[in-house]
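Asker: Provided below are the primary sequence and the corresponding predicted coordinates.
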Amino acid sequence: MAHTVDSKEHGPVDLVSALARARSPEDPGSDTPRGSMVRAWPGPPCPIPEAAPGELDLRALLRFSLAASDGSGRLRPAPSAGALHPVDAELVVGPGCPLPPGRYGYDPLGHRVHRFGRQPDGTVPGMTVELFVTPQRTVSHYGHRAWPLILLDTGHVAAALWLAGPALGLREPVLRLDGPADGPVAAVHFALPEGTRPLEGTRPTEAPHLPEETGQAAPAPTPHELLTRRSAPPPLRGTPPRDVLRALLATAVQASAGEVAWCAAVGEPQPGLVELAPDGILRPLAAGEARPTLAVWAARQSWIAEAGAVLIAHGCPSDADAPRVRRAHLRAGFAVHLAHMDAVRHGLAARPVGSWQQADLGAALGAPPGRDWIVHGLALGTTHPDEEKTS
């Protein structure tokens, strides 16, 4: 199997080599131009019509998941390394939507769509959002460290889409994070609302090109939660209660579908690494203070050494092939996004941490090197930065 992933306009990328280099201590060098924040879609921009009764509300789905809340693009609901947002969304619109069936490009800055093709043969009712990437945006700042971040960002965007459906009372979307190398990096399919009468000759719940996967059975988020979610700026201090930490690890483990493992670095009164045992309790994985080492591994972000706790996704060995690299990073991004949402619901400040170099967790714990690398992280604190300024 080819060790590549297709970046749409930029051709295939050797993920295995890209990840190995990203994990090295090599400096990424100077910034380069990032280009446009939105792909230059063909055709004129079109507003998204209001949905009629029984139609899929595309306007709200995209507003709650992908739309920027200001013209800079920095305030999109899904977090992104360096606020560079490399993920582009193509919409495959079938029957039962306010837009005519076809293929569209989505502009998150203008909250508009560009129709550029007919619907593919076999398109089912509803809408599939296919996620492609423009690597130049992330490469412009992170250089050779970009590709793991691009995959993590795509996982976050998939999660933002996945959460938007339940917020609108829709049935659980169908998630695909293991497509072919020459297709979209990820895809999310939304079926028509419950109770919608099938159109003649169609079966609305069928999505043969999007095999269903088990997601996170958390309470549906509210539209307000989706529109106001943000990554908290450091510092993030204060150790979360153990029951909250246990709940967040459970969310991350379930959302990962076995592609990565999870633990958490905690500080006083008993510094160390903890993990979720099969019976649901927290058990020690290693004793001793881990956060300063994590700060060095995470591109020397010193504030991590004082974070209240850090959730850690780990796995993806050095000999992983491209499909496994892709699945591990997409699932880690997806899981961190859901854990982030849960953390905010518990009153915590949270910030994803995606850039890791020489972060061989397994070797640090005495296992053979190259088998258990840190893939993603979520820093947590009980005290928000704005609270510290006023205290």
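Answerer: That came in fine, so what should we check first?

Asker: okay, now the unreliable bits of the stretch 101-250 of the chain?
Answerer: Per-residue confidence of the stretch 101-250 of the chain (counting by pLDDT under 70) places the weak regions at 195-218.

Asker: tell me which stretches of it form strands.
Answerer: Listed in chain order, the strands of the stretch 101-250 of the chain (DSSP state E, counting those that start in this stretch) span residues 102-107, 112-117, 127-133, 174-176, 186-190.

Asker: for this protein, longest strand please?
Answerer: Counting residues, the longest strand found in the chain (DSSP state E) is strand 373-381.

Asker: centre of the chain to that strand, how far?
Answerer: Taking the mean C-alpha point of strand 373-381 and that of its whole chain, the gap between them comes to 13 Å (CA atoms, centre = their mean, to the nearest Å).

Asker: what comes up buried for stretch 74-88?
Answerer: By neighbour count, with 16 or more other CB atoms under 10 Å as the criterion, the buried positions of stretch 74-88 are Arg76, Pro77, Ala78, Pro79, Ser80, Ala81, Gly82, Leu84, His85, Pro86, Val87, Asp88. (Glycine included, C-beta is placed from N, CA and C.)

Asker: turn these into JSON lines, columns for secondary structure.
Answerer: Putting the buried residues of stretch 74-88 into JSON lines (DSSP: H, G, I helix; E, B strand; the rest coil) gives the following:
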{"residue": "Arg76", "secondary structure": "coil"}
{"residue": "Pro77", "secondary structure": "coil"}
{"residue": "Ala78", "secondary structure": "coil"}
{"residue": "Pro79", "secondary structure": "coil"}
{"residue": "Ser80", "secondary structure": "coil"}
{"residue": "Ala81", "secondary structure": "helix"}
{"residue": "Gly82", "secondary structure": "helix"}
{"residue": "Leu84", "secondary structure": "coil"}
{"residue": "His85", "secondary structure": "coil"}
{"residue": "Pro86", "secondary structure": "coil"}
{"residue": "Val87", "secondary structure": "strand"}
{"residue": "Asp88", "secondary structure": "strand"}
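
Asker: in TSV: those residues, plus pLDDT.
Answerer: As requested, those are arranged in TSV below (pLDDT from 0 to 100):
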residue	pLDDT
Arg76	80
Pro77	80
Ala78	90
Pro79	91
Ser80	95
Ala81	96
Gly82	94
Leu84	95
His85	95
Pro86	97
Val87	97
Asp88	97
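
Asker: and of these, the nearest to Leu152?
Answerer: Out of those, the one with the shortest distance to Leu152 is Ala81. That distance is 7.2 Å, counting by CB to CB.

Asker: hmm, the closest one is touching Val353, no?
Answerer: No: using CB atoms under 8 Å, Ala81 is not in contact with Val353; the gap is 9.6 Å.

Asker: Gly272 contacts Leu282, correct?
Answerer: No: at 10.5 Å, Gly272 and Leu282 do not qualify as touching, with contact defined as CB under 8 Å.

Asker: what is the neighbour count of Gly122?
Answerer: Residues contacting Gly122 under the criterion other CB atoms under 10 Å number 9.

Asker: contacts only, for the residue most central in space within the chain.
Answerer: The C-alpha lying nearest the average C-alpha coordinate of the chain belongs to His156 (CA atoms, centre = their mean; 1.4 Å). Counting by CB atoms under 8 Å, 6 or more residues apart in numbering, His156 touches Ala78, Pro79, Ser80, Gly333, Phe334, Val336, His337, Pro352.

Asker: can you pick out the most distant pair from those?
Answerer: Longest distance between any two of the contacts of His156 is 14.2 Å, between Ser80 and Phe334; criterion CB to CB.

Asker: on that earlier part again, and which of the buried residues of stretch 74-88 is nearest to Gly381?
Answerer: Pro79 (16.2 Å).

Asker: now the closest one. Nearest residue, chain neighbours left out?
Answerer: By the measure of CB to CB, 6 or more residues apart in numbering, the closest residue to Pro79 outside its immediate chain neighbours is Ser231, 4.8 Å from it.

Asker: what about the one you found, how many neighbours?
Answerer: Neighbour count of Ser231, defined by other CB under 10 Å: 17.

Asker: can I assume it is in contact with Ala349?
Answerer: No: the pair Ser231 and Ala349 fails to qualify as a contact (CB under 8 Å) at a distance of 9.1 Å.

Asker: now the helices for this protein?
Answerer: Per DSSP state H, the chain carries helices over the ranges 15-22, 58-65, 135-142, 146-167, 223-228, 242-256, 291-297, 322-345, 361-364, 385-390.

Asker: of those helices, which approaches Met127 most closely?
Answerer: Among the helices of the chain, the nearest to Met127 by CB to CB is helix 58-65 (6.1 Å).

Asker: alpha carbons only: can I get that closest one in CSV?
Answerer: Output in CSV follows, covering the C-alpha atoms of helix 58-65 (Å, rounded to 0.1, in the frame of the first residue of the first chain):
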residue,chain,number,x,y,z
LEU,A,58,-27.3,23.2,5.8
ARG,A,59,-27.1,26.9,6.9
ALA,A,60,-27.2,26.0,10.6
LEU,A,61,-25.0,22.9,10.2
LEU,A,62,-22.2,24.9,8.6
ARG,A,63,-22.6,27.9,10.9
PHE,A,64,-22.3,25.7,14.0
SER,A,65,-19.3,23.7,12.7
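
Asker: now that helix and helix 146-167, what's the angle there?
Answerer: Angle, helix 58-65 to helix 146-167, by axes from the mean of the first three to the mean of the last three CA atoms, to 10 degrees: 130 degrees.

Asker: all set, thanks.
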